[in-house]
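**Q** For reference, the sequence and a predicted model appear below.
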Protein chains: 2
Amino acid sequence: MTAMSARQEGLGGILATDQYQLTMAQLYWREALAERTAQFDYFFRSYPDYGTHQAGYCVAAGLGWLLQWMEETRFEDTDLATLGEQTDGHGKQRFDDGFLAWLSGHGDFSSVEIDAIPEGRVVHANAPVAVIRGPLAMTQILETAFLNHLNYPTLIATKASRVKEAARSGLVLEFGMRRGPGSGAHAGGRAALIGGCDFTSNVALSDVVGFDPKGTHAHSMVQVFMALGEGELEAFRKFARSYPDECVLLVDTIDVLESGVPNAIIVFSELEARGHRPVGIRLDSGDLAYLAIQSAKLLDQAGFEDVSIVLSSDLDELAIWQILSQIDAEAPRYGLDAERLVGRLTFGVGTRLITSHGDSALGGVYKLVAVSDETGEPVPAIKVSEEVTKIPAPGEKRVFRVYDQRGLATADVVALADEKPFDSDRVELFHHHQNVHRTLMTAELSGVEELLEPAFSGGHRQDGDPAIEVLRGRRATDLERLDPGVRRLVNPHVYHVSLTGRMKRLQRQMVESAMGRG
Amino acid sequence: MTAMSARQEGLGGILATDQYQLTMAQLYWREALAERTAQFDYFFRSYPDYGTHQAGYCVAAGLGWLLQWMEETRFEDTDLATLGEQTDGHGKQRFDDGFLAWLSGHGDFSSVEIDAIPEGRVVHANAPVAVIRGPLAMTQILETAFLNHLNYPTLIATKASRVKEAARSGLVLEFGMRRGPGSGAHAGGRAALIGGCDFTSNVALSDVVGFDPKGTHAHSMVQVFMALGEGELEAFRKFARSYPDECVLLVDTIDVLESGVPNAIIVFSELEARGHRPVGIRLDSGDLAYLAIQSAKLLDQAGFEDVSIVLSSDLDELAIWQILSQIDAEAPRYGLDAERLVGRLTFGVGTRLITSHGDSALGGVYKLVAVSDETGEPVPAIKVSEEVTKIPAPGEKRVFRVYDQRGLATADVVALADEKPFDSDRVELFHHHQNVHRTLMTAELSGVEELLEPAFSGGHRQDGDPAIEVLRGRRATDLERLDPGVRRLVNPHVYHVSLTGRMKRLQRQMVESAMGRG
């Protein structure tokens, strides 16, 4: 493998965290609390809101690379040396030798346990996506890396899932690296694949995840041959000569219908005469719906009914939805079957996917919900000043998903760790922050599923390092079991996330008792 | 340094590119064009538009890490092995052994030359920020990494510059890693520092760039002590005991004015009695302007007039502008000097900076502008189908910045490589795509500056690897020389970017001749 820059390499280690995590950890160590067991929950409070459209669900992503990072990362001697060099305003060592010695012995994640909703699954606001338990100092230090590894990929997998839904039977190719956020584009590309993209153009990432990278060619290739006195047709011929069995031609360098498609058809005919099957054309500008229809007509007339049409140019779920709506309406007027045309489309999606255009951050949080007292008994923790909508369910917990008679998921339910709420005939469910409740009849459910699974324990990931195809399969299965109203691209239904009665009572008690303790 | 994951490490190498760059490179190699000299220009067509507000300039960032990457990166044997394993649909090797052998010998950037506007400088739309010259195959392969290394940092440095302007005499702390885009958060944090942020909370990045990382503490620290039966006051006391000379207390876990600030004042008094100087408080929720004023009053009454006030909670340039406007209006009513209060503020800026809230991508492009013919003579290249606003200035070029009698920059001027346009008394300048021109009298200028400087040559960076402080100094100097109208946060003036008459004529000729050659 290519070595990264020595200077940049250090950025991937355990010091990729916020300074205050380390100062708090030292404080806990000095107060003999560093090894107390703490529990943090990871959850997000609202779905991405893109302004004109909104997500009704998210797709969990990022856990795999987080767990791998946790397996491999600890405070190394060089990290401790870096910390030992920090000084406060008075030239005094900020992290003292005793704490650094403690980090040298305890500064890894071998005592941290994570249960999480598996990567690729549909997840919802205000239900924990992961529960983290372990020594207070190390679980606190983990916070920044945890959030960094999960928030952005979950955001991108969610956007990709919407893009894939909008694309219907068309394929989706991710190619956002050029405007993606630095090296974060790799995590973004991986998340895009988890969320449903069929391929990525990213060669390094494709290699790591075991995919075949995809691509066509750029305008610059046609420009090179034009500058050297040859035309678009010669450029296409040369490309076809090099890639006779993977020939996708970009047809809008000069004029799509006057030059690009006719030239592509000439080259495709030549390819076919030599026994090769031409693969596709790409349109990268203009009215893509109109040009796709007209290009399809020309290709069909020339006998290339199977040649695919790749569309690109600032696409996202709304742009694709618009293009397909226009094709649905207009294709029949030109004698084309709309659904067949959609099936031969590939959507190249770049900038707007890798940056989650319209809402570029997922507000996932990592909140302390319990810390053990000196006897080892967990004590629930709460932040009193929060707006009531922000108060998380306290303490140790389980998360269930319930399915109705149609087999569709109707609610995620947050319960206490020792509860078996669905053992009774009827379950009282409370809104996670409003004073609203409803009764669920257990007999009316087709299934109840526990969502949190062991993800990390004993210093090792417990999720089996599943292939991207497995993660994509989870998304597909979960989407099939999600109400179409919740899947809607615009104004989706709000999915139910509820607390059990016992959890709701604990939350109330905590607030009341904490108010008295300020 | 901590080792990165072996699997993820490969993501930083030369295969961090789009597949089509490699297939085009092989095509050029097969056509004996791989070593022809090509020129690409890097530029952006429009400034970030955040919806309700817009940038009137950008701050160049990312070049330093790009050049470092180019020095260290080439096709390694493992990369060639990865490419050798790719097959087309028929099981045939996609990249043949001849091409891989060529890459083994020529697959580095030692023959690529880059001139660029130095990192940290103010840059403008439609004027080249960098000019890249070298063998066609390797300059084509460079495209993705080039754009990935520059687009996102320039976007973030620009946002940071606006945040710093809005903050006036207040300090700015970047802390976006938790919601930043994976490992891209490091490049984003570095760009934020270049754009004017005073500090970052990112420990690893601070170490790499030679800064002291900053931080306070989280709500979770107060929650821990509350859960264990102690109150906010005891939590503050413990923090002060650990960090007597760097004590910044987060005062909104319970209630800012009823609990947090009074408790902080008790602890500050205790600190002072022990000979320490308390540093600050932090407000992370609520009406930050109101709470800052009231907290300042309480602190002043207690004799802590120098204690700083850190504000955080979804801040960006508009939120900060609003807070300071409110402080300007309200502080005097409470007997406080507004400007003095602003000077004791620090703004903690996270999510909205690291994701460039409102416009999360810079549309910088890397466009072929010339390729050499067989005699080595550069031939300008152009893409005909572009909308007229998208046609870049063709061929080899120089970029000048002219300053008026006030010493303010009034235009960036794109000229042919052999032109000395400011040697004459009057210069005709043309709008870069509209048919508008104006005459500039050289005598009325206070200065003319050439902007592109050698950045990479002979396999080595030529920019001297300047410290972040130097890059920040460039930004500060350039901002002082920028019209206040262009610096405005909302509806800025449009800065002039012009072509010389000769460049304009070449652009026209190119379009006309290319139209005939399709």
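**A** Here it is on my side, so go on.
**Q** quick one: residue A:48 and residue A:155 touch, right?
**A** Yes - assessed by Cβ atoms under 8 Å, residue A:48 is found in contact with residue A:155 at 6.3 Å. (C-beta placed from N, C-alpha, C; glycine too.)
**Q** list the contacts for the closest residue to chain B within the stretch 101-250 of chain A?
**A** Nearest residue of the stretch 101-250 of chain A to chain B (Cβ to the nearest Cβ) works out as residue A:184 at 2.6 Å. Residue A:184 makes contacts with A:152, B:180-185, as judged by Cβ atoms under 8 Å, 6 or more residues apart in numbering or on different chains.
**Q** Now intersect the residues you listed with the helices, please.
**A** A:152, B:184-185 (DSSP state H).
**Q** what about residue A:139, distance to residue A:114?
**A** Using Cβ to Cβ, to the nearest Å, we find residue A:139 at a distance of 10 Å from residue A:114.
**Q** Give me the common contacts of those two.
**A** Residues within reach of residue A:139 and of residue A:114 at once, by Cβ under 8 Å, 6+ apart, are A:132-133.
**Q** Phi and psi next, for residue A:456.
**A** In terms of degrees, to the nearest 10, the main-chain angles of residue A:456 are phi -150, psi 130.
**Q** and it, what are its bridge partners?
**A** Following DSSP bridges, residue A:456 is listed with bridge partners residue A:114, residue A:461.
**Q** wouldn't it be in contact with residue A:68 here?
**A** No - using Cβ under 8 Å as the test, residue A:456 is too far from residue A:68 to be in contact (10.2 Å).
**Q** Counting neighbours, go ahead and name the busier of the two.
**A** The neighbour comparison of residue A:456 against residue A:68 (other Cβ atoms under 10 Å in any protein chain shown) goes to residue A:456, with 24 against 18.
**Q** Could I get the pLDDT score of the residue of the stretch 101-250 of chain A closest to chain B?
**A** For residue A:184, the pLDDT comes out at 96.
**Q** What is the burial count for residue A:98?
**A** Counted with other Cβ under 10 Å, the neighbours of residue A:98 add up to 11.
**Q** for it, what are its contacts?
**A** By Cβ under 8 Å, 6+ apart, residue A:98 lies in contact with residue A:29.
**Q** So what's the predicted local confidence for it?
**A** Residue A:98 is assigned 98 on the pLDDT scale.
**Q** Can you tell me the element it falls in?
**A** Using DSSP states H and E, residue A:98 falls within helix A:97-106.
**Q** export that helix as CSV, just CAs?
**A** Taking Å, rounded to 0.1, in the frame of the first residue of the first chain, the C-alpha atoms of helix A:97-106 are listed here in CSV:
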residue,chain,number,x,y,z
ASP,A,97,3.0,11.7,34.2
GLY,A,98,0.6,9.7,36.4
PHE,A,99,-2.2,10.2,34.0
LEU,A,100,0.0,9.4,31.0
ALA,A,101,1.1,6.2,32.7
TRP,A,102,-2.5,5.3,33.3
LEU,A,103,-3.2,5.9,29.6
SER,A,104,-0.3,3.8,28.7
GLY,A,105,-1.8,0.9,30.5
HIS,A,106,-5.5,1.5,30.0
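**Q** which stretches of the stretch 351-500 of chain A form strands?
**A** For the stretch 351-500 of chain A, the strands defined by DSSP state E, counting those that start in this stretch occupy A:365-372, A:378-380, A:397-403, A:409-416, A:426-431, A:437-441, A:447-450, A:453-457, A:460-461, A:496-500.
**Q** among those, which is nearest residue B:401?
**A** Taking Cβ to Cβ, strand A:365-372 is the member of those nearest to residue B:401, at 45.2 Å.
**Q** who does that closest one touch, helix- and strand-wise?
**A** For strand A:365-372, the contact count by 3 or more Cβ pairs under 8 Å, 6 or more residues apart in numbering or on different chains; DSSP states H and E identifies strand A:37-43, helix A:136-166, strand A:378-380, helix B:219-227 as packing neighbours.
**Q** what lines up beside that strand in the sheet?
**A** By DSSP bridges, strand A:365-372 pairs with strand A:37-43 (antiparallel), strand A:378-380 (antiparallel).
**Q** So which of these has the densest surroundings on average?
**A** strand A:37-43 (a mean of 24; mean count of other Cβ atoms under 10 Å in any protein chain shown).
**Q** per-stretch mean pLDDT over the strands paired with strand A:365-372, give me the minimum one.
**A** Mean pLDDT values for those show the minimum at strand A:378-380, a mean of 88.
**Q** where's that strand relative to the chain centroid, distance-wise?
**A** Centroid separation for strand A:378-380 versus its chain: 32 Å, with Cα atoms, centre = their mean, to the nearest Å.
**Q** what do you get for stretch A:200-213?
**A** Relative to the centre of its chain, stretch A:200-213 is centred 17 Å away, using Cα atoms, centre = their mean.
**Q** Pull out the buried positions in it.
**A** Along stretch A:200-213, these residues count as buried under the neighbour rule (16 or more other Cβ atoms under 10 Å in any protein chain shown): A:200-209, A:211, A:213.
**Q** Output that stretch as PDB, nothing but the C-alphas.
**A** Extracted in PDB, the C-alpha atoms of stretch A:200-213 (Å, rounded to 0.1, in the frame of the first residue of the first chain):
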ATOM      1  CA  THR A 200     -18.600   4.000  -7.200                       C
ATOM      2  CA  SER A 201     -16.000   5.600  -9.500                       C
ATOM      3  CA  ASN A 202     -13.500   5.700  -6.500                       C
ATOM      4  CA  VAL A 203     -10.800   3.100  -7.400                       C
ATOM      5  CA  ALA A 204      -9.200   2.800  -4.000                       C
ATOM      6  CA  LEU A 205     -12.500   2.500  -2.200                       C
ATOM      7  CA  SER A 206     -13.800  -0.100  -4.700                       C
ATOM      8  CA  ASP A 207     -10.700  -2.100  -4.100                       C
ATOM      9  CA  VAL A 208     -11.100  -2.000  -0.300                       C
ATOM     10  CA  VAL A 209     -14.800  -3.000  -0.400                       C
ATOM     11  CA  GLY A 210     -14.400  -5.500  -3.300                       C
ATOM     12  CA  PHE A 211     -16.300  -3.800  -6.000                       C
ATOM     13  CA  ASP A 212     -15.500  -3.100  -9.600                       C
ATOM     14  CA  PRO A 213     -15.000   0.700 -10.100                       C
END
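**Q** List the contacts of that stretch.
**A** Under the criterion Cβ under 8 Å, 6+ apart, residues A:173-175, A:177, A:185-186, A:189-190, A:192-193, A:199, A:214-215, A:467-468, B:7-8, B:10-13, B:15-20, B:22, B:82, B:86 lie in contact with stretch A:200-213.
**Q** For the stretch 251-400 of chain A, give me the ranges with low pLDDT.
**A** Scanning the stretch 251-400 of chain A with the threshold set as pLDDT under 70 gives A:385-389.
**Q** what does it put close to chain B?
**A** For the stretch 251-400 of chain A, the residues in contact with chain B (Cβ under 8 Å from any Cβ of the partner chain) are A:252-256, A:258-259, A:285, A:351-352, A:355-357, A:360-364, A:366-368, A:370-371, A:373, A:379-385.
**Q** quick one: which of those residues sit in helices?
**A** Using DSSP H, A:351-352 are the members of these that sit in helices.
**Q** Just the buried subset of the residues of the stretch 251-400 of chain A next to chain B, please.
**A** Neighbour-count burial within these applies to A:252-256, A:259, A:285, A:351-352, A:355-357, A:360-364, A:366-368, A:370-371, A:379-385; the criterion is 16+ other Cβ under 10 Å.
**Q** Make TSV from the strands paired with strand A:365-372 and add distance to residue B:270 to it.
**A** As requested, the strands paired with strand A:365-372 are exported to TSV (distance: least, Cβ to Cβ, whole Å):
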stretch	distance to residue B:270
strand A:37-43	28
strand A:378-380	27
